[in-house]
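# fold the following and give me the result.
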Amino acid sequence: MTVMPLSGLRVVLTRPRHQAAALVEALEAAGAAAVSIPVIDIADPTDGGEALQAALRSLGSGDWLVFTSPNGASRVDPTDVPGGVRVACIGPGTRVRAESLGFAVDLVPDRSIAEGLLEVFPAPSSSGGRVVLARAESARPVLPDELSTAGWLVDDVPVYRTIPVELDDVDREVCRNADAVAFTSGSTVTHLVDQVGADGLPPVVAAIGPATAEVAADRGIEVTIEAAVHTIPGLVEALIDYFGDQVVIHTEDAASVDAQWCLERYFADIDDRFETGLNRGVVLTSDPHEVSPPNGLFLVARLDGRPVGCGCLKLVAPDVADIKRMWLDPSVRGRGLGRGLLDRLVSEGRRLGLRRVQLETNESLTEAIALYRSAGFQEVEPFNNEPHAHHWFALDLD
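A predicted model of the protein is given here:
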């Protein structure tokens, strides 16, 4: 079993597919499954670029051309820029894109937001000067406003616009069931939240930098991770650092290598724990198809990419499911993960519209029995003929 830092994690990417390759590659190299759900596309500005050409012609030696994103840099041909014009970029990713196109970049602020550029941007000469901002149509006004106040003549030029991409129900469900979403721009935050709402996001929200995080905060989204280095590698490294000490629980194919590995550890563990050992030949089955949609679901818990626990739901009636095969690796016991795994199974039961979840257990598993009782499960009459069971519990979800 190969374990990488993000093994088994599903990370949603929201940028256009043709711009996602570097992030997909970096995530997959760390073991994650990159889930592409583009919420925006990049289009020409409504004027077709006329304002840009006019603004570039007005620049002279000592003036500035400012790029606030890689998309902005990509829309300007270096041969259209007069000699002696200085270039500023917000963010290392924008700088990399600009330099790859042939621009010599003169200024990149430490803080990858408009306010960071304003802190280090020079004052105009006594004779004045001009700044062309090549950016999105709907960008924040802080840059042109503050540069104008400082004495610069500012041309705020829209060189591209973002247009929304409509999501379908499958996209929304995939997004909700992922482990994290990686935002690389404020516009992707806006358009995803518009379509799925805050409740439709994965539990972990990662932002490439402070500007993106600020947009998320404005929409009431709590940012879990903000990359210290505002680049694609920096964003992936931030995800690795975060998940390195986090147990993540998510649904998985019950026939996957990791799911089956967990099941083998489960059976070996209870064989050691049961006073009479385990007779697998008489255990009620939970074959992969029985604990996979639409018959149920399988959860895997991971720490630092390594599977450390599992559990599943097995439908036994249209509105009733058995909780089966709950197991945690001995190395992570005592951290409250048993309750977390049980709570997640109960939560999934509610999401599926179940009326009741139930389980059976062996008298040797005293800590499990205490957990079930503390979680509100009530002991009931036997509801199956599991030969190794001594106690049967149920929890009504109504």
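# please pull out the lowest mean pLDDT helix or strand from this protein.
strand 247-251 (a mean of 86; mean pLDDT, DSSP states H and E).
# tell me what that strand is packed against?
If you count contacts as 3 or more C-beta pairs under 8 Å, 6 or more residues apart in numbering; DSSP states H and E, strand 247-251 packs onto strand 296-303, strand 306-317, helix 337-351. Every C-beta, even on glycine, is put in place using the N, C-alpha and C of the backbone.
# just name the most buried of the ones you listed.
strand 296-303 (a mean of 23; mean count of other C-beta atoms under 10 Å).
# and it with strand 247-251, angle?
Orientation check (axes from the mean of the first three to the mean of the last three C-alpha atoms, to 10 degrees): strand 296-303 against strand 247-251 gives 160 degrees.
# which residues touch strand 296-303?
Outside of strand 296-303, the residues within contact range by C-beta atoms under 8 Å, 6 or more residues apart in numbering are 7-9, 245-254, 256, 258-259, 262, 288, 290-292, 307-315, 321, 328, 332, 337, 340-341, 344-345, 348, 352.
# quick one: strands adjacent to it?
If you go by DSSP bridges, strand 296-303 pairs up with strand 247-251 (antiparallel), strand 306-317 (antiparallel).
# helices along the chain, start to end?
Here the chain has its helices, by DSSP state H, at 21-29, 50-57, 70-74, 92-100, 114-120, 142-149, 169-177, 186-196, 210-218, 232-243, 257-273, 337-351, 366-374.
# for W64, find the nearest of the ones you listed.
helix 142-149 (8.9 Å; C-beta to C-beta).
# what's the closest one packed up against?
Contacts defined by 3+ C-beta pairs under 8 Å, 6+ apart place helix 142-149 against helix 114-120, strand 130-136, strand 153-164.
# pLDDT of the first one, averaged?
Per-residue pLDDT values over helix 114-120 give a mean of 91.
# return the set of buried residues in it.
114-118 (16 or more other C-beta atoms under 10 Å).
# thought K314 was touching H289, still the case?
No - at 10.4 Å, H289 does not count as touching K314 under the criterion of C-beta atoms under 8 Å.
# and for these two, which residues touch both?
N295.
# got the domain boundaries for the protein?
The chain breaks down by automatic domain parsing into domains covering 10-39+165-244, 43-163, 248-396.
# now tabulate the ones you listed in TSV and tack on distance to V3.
Shown next, in TSV, are these (distance: least, C-beta to C-beta, whole Å):
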stretch	distance to V3
domain 10-39+165-244	7
domain 43-163	29
domain 248-396	5
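# which of those domains is buried the deepest?
domain 10-39+165-244 (a mean of 19).
# make JSON lines out of the helices and strands packed on helix 142-149 and add distance to V380.
Formatted as JSON lines, those follow (distance: least, C-beta to C-beta, whole Å):
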{"stretch": "helix 114-120", "distance to V380": "61"}
{"stretch": "strand 130-136", "distance to V380": "60"}
{"stretch": "strand 153-164", "distance to V380": "50"}
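# of all those, which lies closest to L239?
helix 114-120 (23.1 Å).
# which residues does that closest one contact?
66, 68, 88, 90, 107, 109-111, 140, 142-143, 146-147, 211.
# can you pull the pLDDT of T162?
Value for T162, per-residue pLDDT: 86.
# same deal with the one 4 residues further on?
Per-residue confidence (pLDDT) for E166: 93.
# ok, so what distance separates the spatially closest residue to it that is not a sequence neighbour from D171?
Spatial nearest neighbour of E166, excluding adjacent residues (C-beta to C-beta, 6 or more residues apart in numbering): Q195 at 7.5 Å. Here the distance between Q195 and D171 works out to 8 Å (C-beta to C-beta, to the nearest Å).
# shouldn't I249 be in contact with L341?
Yes - assessed by C-beta under 8 Å, I249 is found in contact with L341 at 6.2 Å.
# surely P164 meets A43?
No - assessed by C-beta under 8 Å, P164 is found out of contact with A43, at 10.8 Å.
# any common contacting residues for these two?
Joint contacts of P164 and A43 (C-beta under 8 Å, 6+ apart) do not exist.
# list the contacts for N177?
10, 202, 250-251.
# local confidence estimate at G281?
For G281, pLDDT reads 69.
# identify the bridge partners of T162.
Bridge pairing for T162 - DSSP bridges - gives I42.
# for the stretch 1-150 of the chain, which spans come out with low pLDDT?
1-2 (pLDDT under 70).
# could you rerun that using 80?
For the stretch 1-150 of the chain, the stretches with pLDDT under 80 are 1-3, 8, 138-139.
# any idea how many residues pack against V247?
18 (other C-beta atoms under 10 Å).
# I'd assumed G336 was in contact with it.
No - between V247 and G336 there is no contact, the gap being 9.5 Å when judged by C-beta under 8 Å.
# R130: what's it in contact with?
R130 makes contacts with 58-60, 63-64, 152-155, as judged by C-beta under 8 Å, 6+ apart.
# now for the residues you listed, which pair is the farthest apart?
G60 and V154 (14.8 Å).
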